[in-house]
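K.L.:
Show me how the following folds:
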Amino acid sequence: MRITLVLGSGGARGYAHIGVIQELEARGHQIVAISGASMGALVGGVYAAGRLGGLLEEVSNKDVRHILRYVDPALGRPGMIGAGRIMDMLEGVVGDVLIEDLPIPYLAVATDLANRREVWFKRGPLLTAIRASIAIPTVFTPIMHHGRLLCDGGVLNPLPIEPAALYPSDGIVAVSLFGKEAGFGVTPVHDDDDDDRGPVWTARLREGTETLLERTRVRGLIERLGGLISDPDDDGSAPENASRPAREKLPRGLDTMDMLTMTLDSMQAAIEANRTANTPPDVLISIPTTAGSVFDFHRAEEIIAEGRGLAAQAFDQVGL
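P.N.:
Below you'll find the model as predicted:
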């Protein structure tokens, strides 16, 4: 079948998109068009350029230390991390190519913050479209493009199905990265220092940031603030002599990065659910958030495998 592929936002969970592509190809289907947001725009753009193998070489069998080579701290700028090193890597993979010259039609979605609207990249430099679409607010710095302040496409359209209607095909396959595991309850927050999933990556990122802070006057400013800064061991509960009722303790290990990723996941999942209800794809593959953190870039093989397995289940159910 001729498939239009829609790849959603979700950070490192977007490695699952690679597994979905692998499964489609293994079944003999042809991907004839791609629309993507954030990590979906990155994976989709590299695939449309015919360079997915090059990306796999860059991300496979890499530990946290290797991934940290791409972290470009951006202290004092509108984001924790610049994307210069990531874009240098992508340029080495795909080269300097225009979207209109790609062998597969491709569209990336970004967000125009000032005008609060989506921007659809259908032409122009592929790397510019990817750079705009992956700029997760507060994590990666945004970019200015033609006078517009652009950031992550997932802010307004985490799963850009509407653009897929621009391209004729036999069916639309969409890959969401905000699925839920079966059952009810709160997803536990891991506090095990030996856990090599999300906490290791975020801890290493914090360590690198703290090292940079030591070299600046920011540390001295924080120290001078003294009692105005809460104790890092504060569990969030009220003091015993407080007049207000005691609150329940926060989960151990919950930090600012966890709050950021959980907030982004919740926001984008809600937006995606509403938009998907209005424009449902022919096949929706749902990757659960428990498959990995937004920042689990060192777990490419695992997440790719999970994406392929879930794709196989979804395709078997519909006979694709």
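
K.L.:
What's the mean pLDDT across stretch 50-59?
P.N.:
Mean pLDDT, stretch 50-59: 93.

K.L.:
again with stretch 129-147
P.N.:
92.

K.L.:
In a helix, L149, correct?
P.N.:
No - going by DSSP: H, G, I helix; E, B strand; the rest coil, the assignment for L149 is strand, not a helix.

K.L.:
Neighbours of the spatially closest residue to it that is not a sequence neighbour, how many?
P.N.:
Counting by CB to CB, 6 or more residues apart in numbering, L113 is the residue found nearest to L149 once chain neighbours are left out, at 4.7 Å. C-beta: built from backbone N, CA, C; applies to glycine. By the criterion of other CB atoms under 10 Å, L113 has 17 neighbours.

K.L.:
wait, isn't L113 in contact with C151?
P.N.:
Yes - the pair L113 / C151 is scored as a contact, 5.9 Å apart, by CB atoms under 8 Å.

K.L.:
Overlap of the contact sets of those two?
P.N.:
P142 (CB atoms under 8 Å, 6 or more residues apart in numbering).

K.L.:
Got the confidence number for the residue nearest to L149?
P.N.:
At L113, pLDDT is 93.

K.L.:
Check which element follows the helix or strand Y47 falls within along the chain.
P.N.:
Element membership for Y47 (DSSP states H and E) is helix 39-48. Where DSSP H and E defines the elements, the next helix or strand beyond helix 39-48 is helix 52-59.

K.L.:
Off-centre distance for the helix or strand just after that following helix?
P.N.:
Beyond helix 52-59 in the direction of the C-terminus, DSSP H and E gives the next helix or strand as helix 64-67. Distance of helix 64-67 from the chain centroid (CA atoms, centre = their mean, to the nearest Å) equals 17 Å.

K.L.:
when you give positions from now on, start the count at 20
P.N.:
Right, with 20 as the first residue, what we last looked at is helix 83-86.

K.L.:
Which elements pack onto helix 83-86?
P.N.:
In terms of contacts (3 or more CB pairs under 8 Å, 6 or more residues apart in numbering; DSSP states H and E), helix 83-86 is packed against helix 217-233.

K.L.:
quick one, helices of the stretch 170-319 of the chain?
P.N.:
For the stretch 170-319 of the chain, helices defined by DSSP state H, counting those that start in this stretch occupy the ranges 217-233, 237-244, 275-297, 319-337.

K.L.:
and what of the stretch 20-169 of the chain?
P.N.:
35-45, 58-67, 71-78, 83-86, 103-113, 145-152.

K.L.:
Please work out which of those is packed deepest.
P.N.:
helix 58-67 (a mean of 28; mean count of other CB atoms under 10 Å).

K.L.:
quick one: it to chain centroid distance?
P.N.:
The answer for helix 58-67 is 12 Å, by CA atoms, centre = their mean.

K.L.:
okay, P307: pLDDT?
P.N.:
92.

K.L.:
in the sheet, who's paired with it?
P.N.:
With DSSP bridges as the criterion, P307 is bridged to G198.

K.L.:
any idea how far M286 is from it?
P.N.:
Distance of P307 to M286, given as CB to CB, to the nearest Å: 17 Å.

K.L.:
Which one of the two is surrounded by more residues?
P.N.:
Set P307 next to M286 and count neighbours by other CB under 10 Å: P307 wins out with 18 against 14.

K.L.:
ok, the more buried one to L196 distance?
P.N.:
9 Å.

K.L.:
same deal with I180?
P.N.:
From I180 to L196 the distance is 14 Å (CB to CB).

K.L.:
of those two, who's got more company?
P.N.:
L196 (36 against 21).

K.L.:
Return the residues in contact with that one.
P.N.:
So L196 contacts 27-30, 32-33, 35, 58-59, 177, 306, 308, 310 (CB under 8 Å, 6+ apart).

K.L.:
which one of the residues you listed sits closest to D277?
P.N.:
T308 (12.1 Å; CB to CB).
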